[in-house]
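Novice: please find the sequence and the predicted model below.
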Amino acid sequence: MQDKVSLLMEETGCDRGEAELALELSGFQVEEAIKTIGRLLRNIAVVKAKFACPEQDQFGLFLVVANVKTGGLLRSRAVVSFNPAVYAANLDRHWFEFEKHLYGCRLWDGSLQAESLDIEQRLAAHFRDSAACARLGRDDDDAGLAESLAAVVGGALRSPARKLQLKREILDVRQFQSLKADPDRAGRAKSAGRPQKDELLVLKCALQEDVDGVAAEELRAGDMVSAQIVDGRDIAQYLAKLFGGHSDKGPVPVLAPVEAIESGPNGLLARVRFSVGVCGDAIVPAGTKLRVVRLAKGDEAPSWWRRLFK
């Protein structure tokens, strides 16, 4: 019995009490006990987070995975970007999918590679302290954890990290090591470099009319239309200012390319693209004439990044 306990402790890194329990549950079969111990050791803490720095128009994600028992950091990943679609990431997704999405965000326009690496290094330095790792395992301290991590991120950005949201999970060793994906993972992995459906931010907008313009029925993908963001949400108002669609007198239209048109019972549904991950939907009654700019072959649609930083 004691030889089996010692062998199990050596193979898995568990303590004596955990080894004895695993052997008892597995009928004192060492091979089965090794599998059992993986389910018993719920020592892997995962923190997925997103944050925004409105003063600098920066948005980001980070992931921390640590062994709260040994105090060892297993993952430290981060991305910072000028692209607000980054902040639309879903924190409820599987941590491994979240990590892949984070890497995909690094490929988007506006990604800040140096700042992303700086945050990763600061997080790694912060969690070299075993007490900081152990704190991840306490489920009653989300507010304090968020405050401390906001300070770590803010040190890299030289500006407070506001609106920091985090989701914490505790995994057993087998859950962490197996990385068993859902059936659709393979398909989603192929498009990791672009936002998925659940990360697409769709704003309510209206298209500017023009009595001498193009009939709504003649609208086609690629046309440039004057779109005005009329969405009342805070994020929509912020993005309207960012895209140049807001002035001291209120909302103003901005040029945006038409991405798709669908017929509906109330007219045409036109989707326009403001940036990667940010679209606008407008209902246009049949017979409406719109202000439209059609680009000549070879012309490039104006980039909102250029408008923002010119």
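Specialist: Good, I have the coordinates.

Novice: this protein: helices as residue ranges?
Specialist: Here the chain has its helices, by DSSP state H, at 2-12, 16-25, 30-40, 95-105, 113-126, 130-135, 142-157, 173-178, 185-189, 234-242, 304-309.

Novice: can you tell me which of those the model trusts least?
Specialist: Mean pLDDT per stretch puts helix 185-189 lowest among those, at a mean of 40.

Novice: which stretches in the stretch 151-300 of the chain count as strands?
Specialist: In order along the chain, the stretch 151-300 of the chain carries the following strands (DSSP state E, counting those that start in this stretch): 162-171, 201-207, 209-215, 224-229, 246-247, 250-251, 254-264, 267-275, 278-284, 289-290, 292-293.

Novice: identify whichever of those lies nearest to H126.
Specialist: Relative to H126, the nearest member of these by CB to CB is strand 162-171, separated by 14.1 Å. Every C-beta, even on glycine, is put in place using the N, C-alpha and C of the backbone.

Novice: can you list the buried residues in the closest one?
Specialist: Neighbour counts using 16 or more other CB atoms under 10 Å place L164, L166, K167, R168, L171 of strand 162-171 among the buried residues.

Novice: domains of the protein?
Specialist: 2-40, 44-196, 200-309 (automatic domain parsing).

Novice: the longest one: how far from the chain's middle?
Specialist: For domain 44-196, the distance between its averaged C-alpha position and the chain's averaged C-alpha position is 9 Å (CA atoms, centre = their mean, to the nearest Å).

Novice: make JSON lines out of the strands of the stretch 151-300 of the chain and add distance to Y87.
Specialist: Output for the strands of the stretch 151-300 of the chain, formatted as JSON lines (distance: least, CB to CB, whole Å):
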{"stretch": "strand 162-171", "distance to Y87": "8"}
{"stretch": "strand 201-207", "distance to Y87": "9"}
{"stretch": "strand 209-215", "distance to Y87": "32"}
{"stretch": "strand 224-229", "distance to Y87": "17"}
{"stretch": "strand 246-247", "distance to Y87": "19"}
{"stretch": "strand 250-251", "distance to Y87": "21"}
{"stretch": "strand 254-264", "distance to Y87": "20"}
{"stretch": "strand 267-275", "distance to Y87": "12"}
{"stretch": "strand 278-284", "distance to Y87": "11"}
{"stretch": "strand 289-290", "distance to Y87": "31"}
{"stretch": "strand 292-293", "distance to Y87": "30"}
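
Novice: any idea which of the domains of the chain is most buried?
Specialist: Highest mean neighbour count of those: domain 44-196, a mean of 18 (counted as mean count of other CB atoms under 10 Å).

Novice: verify the stated contact: G277 with L203.
Specialist: No. G277 is not in contact with L203 according to CB atoms under 8 Å; the separation is 11.3 Å.

Novice: one step back: least confident of the strands of the stretch 151-300 of the chain, on average?
Specialist: Of all the strands of the stretch 151-300 of the chain, strand 246-247 carries the lowest average pLDDT, namely a mean of 66.

Novice: about what we covered before: what about the strands of the stretch 151-300 of the chain, which gets the closest to E115?
Specialist: Put simply, out of the strands of the stretch 151-300 of the chain the one that sits nearest E115 is strand 162-171, at 15.6 Å, with distance taken as CB to CB.

Novice: give the contact list for D210.
Specialist: The neighbourhood of D210, defined by CB atoms under 8 Å, 6 or more residues apart in numbering, consists of K289, L290, R291, V292.
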